[in-house]
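**Q** Here's my sequence, what's the structure:
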Amino acid sequence: MKAFLINPRHCSITEVEYDDSMQAIYEYIDATLMDTVLLNEDRDVAYVDDEGLYHTAFFWKFRDFPNPIAGNGLVLGTNAAGESISPVSETMETLEASVTFISRETAISMAEAADNVGKQWAEKSDSNIFLSAADIIKDQEYSGGSD
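**A** Residues are numbered from 1 along each chain as shown. This next block holds a predicted model:
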């Protein structure tokens, strides 16, 4: 089935063939753990490296999503049962208009802004659990990035 691969290292979005296996997702996103970013109300998602903030210098931004996204993203749709299907609303054109490849410095700025909201929520809810995305990005060794 059709999918789209967002590659911030190469600042590219390409159409790829997805064979409906978990292994293929891990290979496309170059990860051992994955997470999803909901892209729209039609249940199109981007599968991303759950630990990407810890080890990549390549980031992207999606529309109004408040956090930087680290590493590759594989865009697929999901049906009502949660199974992968070809993207429903996202096309090459909508992704090219919605994805911005950003530098490490821009990713840190975005993460700091999102962190401020998270800290306020943690304080209001008496939660002592807060993980700063900006601090994670700042702590990693920097070997170059894109913008």
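
**Q** Need the per-residue pLDDT for residue 114.
**A** Per-residue confidence (pLDDT) for residue 114: 82.

**Q** Can you name every helix or strand that the lowest-mean-pLDDT helix or strand in the chain contacts?
**A** When each helix and strand of the chain is scored by mean pLDDT, DSSP states H and E, helix 133-139 comes last, with a mean of 75. The contact analysis (3 or more CB pairs under 8 Å, 6 or more residues apart in numbering; DSSP states H and E) places helix 133-139 against helix 52-55, helix 104-124. For every residue, glycine as well, the C-beta is placed using N, CA and C.

**Q** mind running it again at 10 Å?
**A** helix 52-55, strand 69-70, helix 104-124 (3 or more CB pairs under 10 Å, 6 or more residues apart in numbering; DSSP states H and E).

**Q** Just the buried residues of the last one, please?
**A** This means helix 104-124. 104, 106, 107, 108, 110, 111, 114, 115, 118 (16 or more other CB atoms under 10 Å).

**Q** now the residues you listed as TSV including distance to residue 134?
**A** As requested, those are exported to TSV (distance: CB to CB, whole Å):
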residue	distance to residue 134
104	11
106	12
107	8
108	5
110	8
111	4
114	8
115	5
118	10
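
**Q** So what touches the least confident helix or strand of the chain?
**A** For helix 133-139, the external contacting residues (CB atoms under 10 Å, 6 or more residues apart in numbering) are 51-57, 59, 67-68, 70, 104-105, 107-116, 118, 132.

**Q** Next, work out how far apart the residue nearest the centre of the chain and residue 23 are.
**A** Geometric centre of the chain, nearest residue: residue 69, 3.5 Å, by CA atoms, centre = their mean. Using CB to CB, to the nearest Å, residue 69 is found at 22 Å from residue 23.

**Q** Look at the closest residue to residue 14 other than its chain neighbours and report its pLDDT.
**A** Leaving aside its chain neighbours, residue 14 sits nearest to residue 5 (5.2 Å; criterion: CB to CB, 6 or more residues apart in numbering). Model confidence at residue 5, given as pLDDT, is 98.

**Q** so where do the strands sit in the chain?
**A** Counting by DSSP state E, one finds strands in the chain at the ranges 2-7, 12-17, 34-38, 45-49, 59-62, 69-70, 73-78, 84-85, 99-102.
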